[in-house]
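Participant: Here is my input, please return the structure:
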Amino acid sequence: MLAGKTALVTGSTSGIGKAVAEALAAAGAGIALNGFGDAAEIEALRAGLAERYRVKASYHGADLAKPAEIEAMMTEAAAAHGRIDILVNNAGIQHVADVADFPPERWDAVIAVNLSSAFHTTRLALPGMREAGWGRIVNVASVHGLVASAQKAAYVAAKHGIVGLTKVTALDTAGGGVTCNAVCPGWVLTPLVQKQVDALAEREGLDQEAAKARLVGEKMPSGQFVTPEQLAALVVFLCGPQAAQITGASLPVDGAWTAQ
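Facilitator: Purely as a prediction, here's the structure:
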């Protein structure tokens, strides 16, 4: 379905981003990976995608808190693959604290990685997409782009910002063959969420399964985690021809969290 296209996925060395990269490669897209982690594991991931799906796969370790590194990543990915057709802004970090106690440097870091990086990648990808008359931008936001939770000031602000950026990008590109949408997951058992499970287990004296059930049950009526593979399938759909008129949307995948 996506043969001949190239997808750059930020934060794609683990969690949701890794699943998205795998699904896009399975659909025929070349993949530009980005993220942190063990160098040997990342190379195994890159090589594995290329071998399994017979696509070109590259990697750039840009720190998304640094605009100059983002620019280098976008330039090198376009040079390696010819063009970036699909951009998935997925990378994210978290810090939890009461607003009054929130360290300013952590606020700046969360906003930089979770929001500003998506602006930079988008502004750099759009000229090529417009020239080609085709492009897909998918921002991995969160239910926290639609509703708030206590002690997550920077994360909630950034994800609300992502939803707003998605809408404006959709308006700016409407009618030109480029779409921009946001996917808004509820709890997904990524390394980021596992840290919150661990903290809850320690704080409340719970085992892992009880902590997971407590965390999910507090917000999601379904009582089940969203899986990275479910989100990846939605991203692939949004990149396909059937979704050509879906743009500017923020799509919850949240077990009815935001239905309450």
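Participant: hey, let's count contacts and neighbours off CA atoms from now on
Facilitator: OK.
Participant: Neighbours of residue 232, how many?
Facilitator: Around residue 232 there are 21 other residues, counting by other Cα atoms under 10 Å.
Participant: measure it to residue 16 for me?
Facilitator: Relative to residue 16, residue 232 is positioned 7 Å away (Cα to Cα, to the nearest Å).
Participant: again, but for residue 30
Facilitator: Applying Cα to Cα to residue 30 and residue 16 gives a distance of 18 Å.
Participant: all strands of the stretch 151-260 of the chain, in order?
Facilitator: Per DSSP state E, counting those that start in this stretch, the stretch 151-260 of the chain has strands spanning 178-185, 250-253. These are given in chain order.
Participant: can you list these in a markdown table and add mean pLDDT?
Facilitator: Listed next are those as a markdown table, based on pLDDT from 0 to 100:
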| stretch | mean pLDDT |
| --- | --- |
| strand 178-185 | 98 |
| strand 250-253 | 98 |
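Participant: for those, which one ends up most surrounded?
Facilitator: The highest average neighbour count among the strands of the stretch 151-260 of the chain, using mean count of other Cα atoms under 10 Å, belongs to strand 178-185 at a mean of 27.
Participant: ok, now which ones touch the one residue sitting closest to the centre of the chain?
Facilitator: Among the residues of the chain, the one closest to the centroid is residue 90, at 1.7 Å (Cα atoms, centre = their mean). Contacts for residue 90 (Cα atoms under 8 Å, 6 or more residues apart in numbering) come out as 9, 10, 11, 12, 16, 17, 139, 140, 141.
Participant: pLDDT score for the fourth one?
Facilitator: What it means is residue 12. According to the prediction, residue 12 has pLDDT 97.
Participant: tell me the contacts of it?
Facilitator: Applying Cα under 8 Å, 6+ apart to residue 12 gives the contacts 18, 19, 20, 21, 33, 34, 35, 90, 91.
Participant: what's the spacing between residue 156 and residue 116?
Facilitator: Using Cα to Cα, residue 156 is found at 14 Å from residue 116.
Participant: Give me the more crowded residue out of the two.
Facilitator: residue 156 (25 against 22).
Participant: looking at this, residue 138 is in a strand?
Facilitator: Yes - counting by DSSP: H, G, I helix; E, B strand; the rest coil, residue 138 is part of a strand.
Participant: So what's the residue count around it?
Facilitator: As a burial measure, residue 138 scores 28 neighbours (other Cα under 10 Å).
Participant: Can you tell me who it pairs with across the strands?
Facilitator: For residue 138, the beta-bridge partners are residue 88, residue 181 (DSSP bridges).
Participant: Can you give the domain ranges for this structure?
Facilitator: Domains of the chain are assigned by automatic domain parsing as 6-186+227-250, 187-225.
Participant: of these, which approaches residue 257 most closely?
Facilitator: domain 187-225 (4.7 Å; Cα to Cα).
Participant: That'll do, ta.
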